[in-house]
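Undergrad: This is a predicted model, with the sequence first.
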Amino acid sequence: MTRTRLAPILTAATLAALGFAPAANAAVERLYILNCGEGVAGDISRWSPGVNVGKSMDFVDNCYLIKHSQGWLLWDTGLADAIAAMPEGQRPADPRMTHWRRPKTLAAQLGDLGVKPADIKFVAISHTHPDHVGNVTMFPQSTLLVQKAEYEWPSPVGPRFKPEHPVLKLSGDHDVFGDGSVMIISTPGHTPGHQSLLVKLPKTGALLLSGDAVHFKSNWDNRGVPEGNTDKAQTTASMQRMADILAKEKAQLWINHDKAQRDTLKLSPEFYE
Ligand SMILES: [Zn+2]
């Protein structure tokens, strides 16, 4: 039987029923990189102990907006939009940490694309550090996609999310739209329920969005475990798992805070297909 004769018989639904979920049938359409913060890290040896002690580095903070035929997904919400109104940005209590600024709000960037917060079906959060969850409350109707371990991680300042916010508490990997095109990948270690995102774009190919499983390229190359991480063995295992996924999926690793890499990428309103 020729491929031509097979084509009308094997619909996408049939292929899915047979256990095939080829990237060619995936309905993820676009990915936008949003500017969710810019800053200067005081001492990058904090993220790679013993390497580049006392050296500062420019950081960026990205959010990623993904258009799928079933709806919009926002990956991370960045620094709080309120920081945009602070003339000197937000100084860290510890000078080794990052002094953040917000050149443009998340709300304004969504507005430029004609996307309203209520249009966002899912808000998936890599982890609950403030430079990633700054604007979660802007999306009270969106379903949060968070690991149960992160949701329930005790916090000295009270619950990490509003109890009334709709949420899917995950235990491991999760196929967001059921077609294999957008996969949450469990990568604990930086925090108890840290996760990364694998996106299979039709033209660009597969991308693995790091979250903070790694902070910048040399940190990845050295397999550096930041001193503030909650679990060193989990961190190392997660980085190995990411390396295996990159090889298997022939994926690019996009490192959230790596400015040198982001300078090579297109920012919203440009997009990747
Ligand atoms: Zn973090």
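TA: Perfect, thanks for sending it. All values derive from a computational prediction rather than experimental measurement. Numbers count the residues shown, from 1 in each chain.

Undergrad: is it true that Thr236 touches Val225?
TA: Yes - Thr236 sits in contact with Val225 when judged by Cβ atoms under 8 Å, with a separation of 6.5 Å. (C-beta placed from N, C-alpha, C; glycine too.)

Undergrad: Mutual contacts of these two, please.
TA: When Cβ atoms under 8 Å, 6 or more residues apart in numbering defines a contact, the residues bordering Thr236 and Val225 alike are Gly189.

Undergrad: wait, what's in contact with Leu106?
TA: Each residue near Leu106 by Cβ under 8 Å, 6+ apart is listed here: 34, 36, 63, 77-78, 81, 134-135, 138.

Undergrad: run the last query once more with 6 Å
TA: Going by Cβ atoms under 6 Å, 6 or more residues apart in numbering, Leu106 touches 78, 81, 135.

Undergrad: again with Arg102
TA: Contact partners of Arg102, counting by Cβ under 6 Å, 6+ apart, are 37, 79, 83-84.

Undergrad: do the same with Val28
TA: The contact partners of Val28, by Cβ under 6 Å, 6+ apart, come to 68, 181-182.

Undergrad: From the ion, how far off is it?
TA: When distance is defined by Cβ to the ion, to the nearest Å, Val28 is 26 Å away from the ion.

Undergrad: Over to Trp75?
TA: Counting by Cβ to the ion, the gap from Trp75 to the ion is 14 Å.

Undergrad: The closest residue to that residue other than its chain neighbours: what secondary structure?
TA: Distance criterion Cβ to Cβ, 6 or more residues apart in numbering; nearest residue to Trp75, sequence neighbours excluded, is Tyr64 at 4.2 Å. The three-state label given to Tyr64 by DSSP: H, G, I helix; E, B strand; the rest coil is strand.

Undergrad: For Thr236 and Val225, indicate the residue with more neighbours.
TA: For Thr236 versus Val225, neighbours defined as other Cβ atoms under 10 Å are more numerous around Val225 (20 against 14).

Undergrad: looking at it, the more buried one is touching Asp231, isn't it?
TA: No - taking Cβ atoms under 6 Å as the definition, Val225 is not a contact partner of Asp231, at 9.1 Å.

Undergrad: how deep is the nearest residue to Gly54 once chain neighbours are set aside tucked in, by neighbour count?
TA: Nearest residue to Gly54, sequence neighbours excluded (Cβ to Cβ, 6+ apart): Asp43, at 5.6 Å. Close neighbours of Asp43, defined as other Cβ under 10 Å, add up to 16.

Undergrad: try Met242
TA: 21.

Undergrad: Name the secondary structure element that contains it.
TA: Met242 is part of helix 232-249 when elements are defined by DSSP states H and E.

Undergrad: and that helix, how far from the chain's centre?
TA: With Cα atoms, centre = their mean, to the nearest Å as the basis, helix 232-249 stands 16 Å off its chain's centre.

Undergrad: Do that helix and the ion come into contact?
TA: No - residues of helix 232-249 are not located near the ion by Cβ under 5 Å from the ion, the shortest gap being 11.5 Å.

Undergrad: Can you mark which positions in that helix are buried?
TA: For helix 232-249, the buried set under the neighbour-count rule, 16 or more other Cβ atoms under 10 Å, comprises 234-235, 238-239, 242, 245-246, 249.
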